[in-house]
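*Asks:* sequence first, predicted coordinates after that:
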Amino acid sequence: MKILVISGFLGAGKTTFIKELIRRTGKNVVVMENEYGEVNLDSQEISQTSDVNILEFAEGCICCSMKDSFASSLLTISSSLDPEYLVVEPTGIGKLSSILATAQKYEYERISLLRPVTIVTPQSFYRYRREHPDIYLDQIENSWRIVFSKGENESADVLEKIAAEIRRLNPRAEIVCRHYTQQDDAWWNGLLEEEYAAECSTRNTPAESAGRASKIHECTFAKARLRNPAELIVLLEDVIRGGLGDISRAKGVLQCGGEWLRFDAADSRYCVTGAEGYAQETQCVFIGRTVKRRTLFDRLNAEPHDTVKV
């Protein structure tokens, strides 16, 4: 079993990248989804487009609080499912160095680690490097491939400038500036072939982030509802403009009037789609440095017994 870790900060687009990986390679893949909180929509998204086994880890991070469970799961998956590949999608606030170190301890003739990939959104690079250096720089410094996502509207000069910054942080990494869907099949298959060399070691987070551990807050709702889709649009506009706190990621499924909608907000963007294929039950999560819980509670018409977790 070969293990490929797809890292990236909150809302970077890891799940979309994994869907494309499965589509382009057609390999026998098991996907391990690790969500920091209670809401896990990513596994539902992958299952809609591909027939793969998806294992979910929620309520913790496989780089720290669930490290032991992650390690034992690697052995269980290898012995029981015996897939050719295991694709691991850690939570966006997980440290790549810790995940790689755990996986390396369990490498043997039946389990090997592939070179990890980190998804980066160019428009958020400077913000997240400044606000969450301990996590963000760790994901970049310990990767072997840095893949840009959501950079279609950025100029070539901006992309190259950010690529140069990343090169300074991690000279060994391959940096893919153009959209990954334009990569050829050989590149995609290479992701599942190049092993993480035994002599490779994880790198410590740079000194510039020392003493600046990220503080991430999460707020989830299980009984929220809105009167119509317009209310959801206004809410998401407030999310990306900072009116509801310094929120890095918001996503969920909820009822707006007579229809169920799915929403996703990150990197100053949001989208709203129909919730076909998703369980028709309310699942909403807001994650960031600060979250205005009381305001969200009121705006979402939440019930008193809703889950509000920080």
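*Replies:* Cool, the structure landed.
*Asks:* please name the nearest non-neighbouring residue to the spatially most central residue of the chain.
*Replies:* Central residue of the chain (C-alpha atoms, centre = their mean): Gly92, 4.3 Å from the mean position. Distances taken as C-beta to C-beta, 6 or more residues apart in numbering place Leu10 nearest to Gly92, at 3.5 Å, with adjacent residues excluded. Bear in mind the C-beta positions are built from the backbone N, C-alpha and C, glycine included.
*Asks:* any chance you could map the helices in the chain?
*Replies:* Applying DSSP state H to the chain gives helices spanning 14-25, 42-49, 67-80, 96-105, 125-131, 133-141, 156-169, 185-191, 229-240, 293-299.
*Asks:* ok, which of the ones you listed comes nearest Ala197?
*Replies:* helix 96-105 (10.8 Å; C-beta to C-beta).
*Asks:* export that closest one as PDB, just CAs?
*Replies:* Taking Å, rounded to 0.1, in the frame of the first residue of the first chain, the C-alpha atoms of helix 96-105 are listed here in PDB:
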ATOM      1  CA  LEU A  96       2.300  17.900   7.500                       C
ATOM      2  CA  SER A  97       5.600  17.200   9.300                       C
ATOM      3  CA  SER A  98       3.800  15.300  12.100                       C
ATOM      4  CA  ILE A  99       1.700  13.200   9.600                       C
ATOM      5  CA  LEU A 100       4.700  12.200   7.600                       C
ATOM      6  CA  ALA A 101       6.700  11.300  10.700                       C
ATOM      7  CA  THR A 102       3.900   9.100  12.000                       C
ATOM      8  CA  ALA A 103       3.500   7.300   8.600                       C
ATOM      9  CA  GLN A 104       7.300   6.800   8.300                       C
ATOM     10  CA  LYS A 105       7.300   4.900  11.500                       C
END
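*Asks:* which helices and strands does that helix pack with?
*Replies:* strand 2-8, helix 67-80, strand 112-113, helix 133-141 (3 or more C-beta pairs under 8 Å, 6 or more residues apart in numbering; DSSP states H and E).
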